[in-house]
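A.B. asks: predicted model and sequence below, questions to follow.
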Amino acid sequence: MSKFSTAFITALKGFAMGAANVVPGVSGGTIALLTGIYSDIVDAISAITDKQTWKALLSGNFSEFWKLIKGNFLLALAAGVILSIISLAKLMTLCLNSYPILTWAFFFGLILASSFYMFKDIRGWNVKCLAAVAIGAVLGIVTCTLSPTDTPDDFWFIFICGAIAICTMILPGISGSFILVILGKYDYIMQAISELNLPVLLVFALGCLVGILAFAKLLHWLLGKWEKETLLILLGFVLGSLVKVWPWHEMEAGQTDYHIPGAIICCIAGVALVVVIELFSKRKNV
């Protein structure tokens with residue numbers, strides 16, 4: 001396969017990852033697993049934080065640096081992800097502004113179904129596992145109920161949002177967009193992307209860069225040492241945070257237009273999408 005064909009296929013996989021990261025409930029990490037590039041992404045991220053990599057760069061050996069970080073792979077992947085996010089951000093902004101209840105119902109179905117499959121993949125349940133889920137759920141509920149509905153638009157907070165969201169975007173089953181929902185900045189970031197608000201996007205991107213460099217090693221250490229416990233706490237956090245995605249959480253007192261039939265249909269559609277992804281995954285692994 002030619003270099004161009006390889007780069008094109010990688011970009012297509014990046015496009016799928018970007019689409020997943022735009023939608024709360026679908027993890028870009030899951031798509032990376034399904035398309036067979038997850039280990040390459042992990043290796044590239046780990047390489048960026050290695051001393052050998054920076055030694056090559058600082059000594060002027062750029063070709064070695066580029067090879068160590070899988071530069072061609074990352075460039076093609078990033079191109080696909082960025083193109084996907086830019087093209088879908090306007091759609092998400094439109095849906096949230098025009099059909100908020102139906103859109104949140106769709107997201108609710110996505111996250112609920114994703115959580116079910118995460119539960120299904122856990123083996124060897126015991127009291128410690130249940131305790132880990134309970135701790136995560138409490139943290140999720142407290143975070144969502146005690147945090148203000150409107151979070152600041154200041155650059156320092158946008159930076160923090162980027163740093164936190166990027167770490168979850170590389171975890172299979174955990175959606176980075178969902179973290180932005182919890183932080184109250186999902187629609188704000190989607191709006192910034194659709195309008196190409198460069199100051200906001202640059203600060204967010206800087207947060208992502210610092211976050212992935214600062215926490216990648218810690219994240220992989222946690223998953224390597226306490227993988228099950230870490231995933232269970234994250235899963236519990238997602239379940240507890242569902243209060244933030246409840247379709248009617250933004251309704252004002254006195255409103256009567258609940259869109260219940262449409263919300264049910266959209267929720268089922270969200271569940272169906274996750275089921276299709278999981279079926280495709282199993283078929284691929286057979």
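C.D. replies: Ah, there it is.

A.B. asks: helices along this structure, start to end?
C.D. replies: 3-22, 28-34, 38-48, 51-58, 62-68, 71-98, 100-121, 127-146, 155-169, 176-182, 186-194, 198-240, 260-285 (DSSP state H).

A.B. asks: okay, buried residues for the fifth one please.
C.D. replies: Right, the one you point to is helix 62-68. For helix 62-68, burial by neighbour count (16 or more other C-beta atoms under 10 Å) applies to F65, W66, L68. (C-beta placed from N, C-alpha, C; glycine too.)

A.B. asks: repeat that for stretch 43-57.
C.D. replies: Buried, per 16+ other C-beta under 10 Å, within stretch 43-57: A44, I45, A47, I48, T53, A56.

A.B. asks: for L206, state which of those is nearest.
C.D. replies: I48 (15.1 Å; C-beta to C-beta).

A.B. asks: the closest residue to V238 other than its chain neighbours: how many residues sit nearby?
C.D. replies: For V238, ignoring the flanking residues on the chain, the nearest one in space by C-beta to C-beta, 6 or more residues apart in numbering is S115 at 5.6 Å. A count of nearby residues for S115, using other C-beta atoms under 10 Å, gives 18.

A.B. asks: these two touch, right, S115 and F237?
C.D. replies: No: counting by C-beta atoms under 8 Å, S115 does not reach F237; the two are 10.3 Å apart.

A.B. asks: so how far is I212 from G71?
C.D. replies: For G71, the distance to I212 (C-beta to C-beta, to the nearest Å) stands at 16 Å.

A.B. asks: which of the two has more residues huddled nearby?
C.D. replies: Neighbours per residue, other C-beta under 10 Å: of G71 and I212, the larger number sits with I212, 19 against 15.

A.B. asks: ok, that one - contacts?
C.D. replies: Applying C-beta atoms under 8 Å, 6 or more residues apart in numbering, we find I212 in contact with I45, I48, I166, C167, I170.

A.B. asks: and which of the residues you listed is nearest to D121?
C.D. replies: Distances from D121 to those, taken by C-beta to C-beta, are shortest for I170, at 17.5 Å.

A.B. asks: got the confidence number for the closest one?
C.D. replies: I170 is assigned 66 on the pLDDT scale.

A.B. asks: what of K244?
C.D. replies: 76.

A.B. asks: burial of it, as a residue count?
C.D. replies: Counted with other C-beta under 10 Å, K244 comes out at 26.

A.B. asks: leaving out sequence neighbours, find the closest residue to it.
C.D. replies: Sequence neighbours aside, C144 is the residue nearest to K244 in space, at 4.3 Å (criterion: C-beta to C-beta, 6+ apart).

A.B. asks: contacts only, for that neighbour.
C.D. replies: I182, G240, S241, V243, K244.
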